[in-house]
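1. Sequence first, then the predicted structure, then my questions.
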Amino acid sequence: MKIGILQTGHAPDMLLPDTGDYDAMMARMLDGQGFEFETYAVVDQEFPKGPHAADGWLITGSKHGAYEDHPWIPPLEELIRAIHTANLPMVGVCFGHQIIAQALGGKVVKHPDGWRVGATQYDIEGTPLTLNAWHQDQVIEAPDGAEIIGRAEGCDIAAMRIGERIYTVQPHPEYGAAFMQGLLDHRAPGVVPDPLSDHARALLSTHTDNAAMATRIADVFRKGA
């Protein structure tokens, strides 16, 4: 099964030698699940020919806001709607969660309560899962027909299911402790308030349920194929 990765941002340059870019992190998260991957760097205006260029789609995180005025966001929203119409499986992570919601009629904002950073406990489909958060933006209105299946303190729409084939999550199951530390070292200063960064650093050794979420994501693709 071919998964098209719609890459909506780039990892910090200084972290690339150790972790690879966001598409590599997503592929590594799903390693061993039997998928092949092709990346389309939509953030750099590289788009597939259409929704049937892959059997399923995975939208990455990004430093950009879904509501920002970038030339690649409107065609990405059009592609999301085309994938939805074609009834193909699609998964969104963080920015991916947000842009799917926005493209299908939901609302995304820079949340007035500020950043969520570090290991966070979520309730996803009735199961407690600890996953790494790194976001200020949030979905505050789900699209019509969406089922809200995930929540956390301060994040009321942390995961959604739209129909049988669209699954979105706000946290980052592709982020491990080393990458989180790199973000705290290189992207947080001057952006994330110091108390939040310090708290996230204290939680770097916390066990995260990345593998469990990776299995859920893989199941969405397999069941939707």
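-> Received, thanks.
2. for stretch 216-225, what is the average pLDDT?
-> Averaging pLDDT along stretch 216-225 gives 87.
3. Pull the residues that contact it.
-> Stretch 216-225 is contacted by residues 1, 3, 29-30, 33, 35, 55-56, 58, 88-89, 91, 124, 164-165, 167, 173 when judged by C-beta atoms under 8 Å, 6 or more residues apart in numbering. (C-beta placed from N, C-alpha, C; glycine too.)
4. Which of those are buried? Put it as a ChimeraX command.
-> Here is the ChimeraX command that selects only those of the contacts of stretch 216-225 that count as buried (16 or more other C-beta atoms under 10 Å):
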select :1,3,29,30,33,35,55,56,58,88,89,91,124,165,167,173
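5. Now, the contacts of stretch 216-225 that are in strands?
-> Ile3, Gly56, Leu58, Val91, Ile124, Tyr167 (DSSP state E).
6. for Ile124, what are its contacts?
-> Contacts of Ile124 by C-beta under 8 Å, 6+ apart are Ile149, Gly150, Ala158, Ala159, Val169, Met213, Arg216.
7. Please apply the same query to Arg161.
-> Each residue near Arg161 by C-beta under 8 Å, 6+ apart is listed here: Ala146, Glu147, Ile149, Tyr167, Thr168.
8. ok, now Leu88?
-> Counted by C-beta under 8 Å, 6+ apart, Leu88 has contacts Pro51, His52, Ala54, Asp55, Gly56, Trp57, Arg165, Gly224.
9. Quick check: the most centrally placed residue in the chain vs Pro171, distance?
-> Closest residue to the average C-alpha location of the chain: Val93 at 1.3 Å, with C-alpha atoms, centre = their mean. With distances taken as C-beta to C-beta, to the nearest Å, Val93 is found 8 Å from Pro171.
10. what's around Glu68, how many residues?
-> By other C-beta atoms under 10 Å, the residues close to Glu68 number 10.
11. before we move on, what SS does it have?
-> Of the three states, Glu68 takes coil under DSSP: H, G, I helix; E, B strand; the rest coil.
12. Which secondary structure state does Val109 sit in?
-> Strictly by three-state DSSP, Val109 counts as strand.
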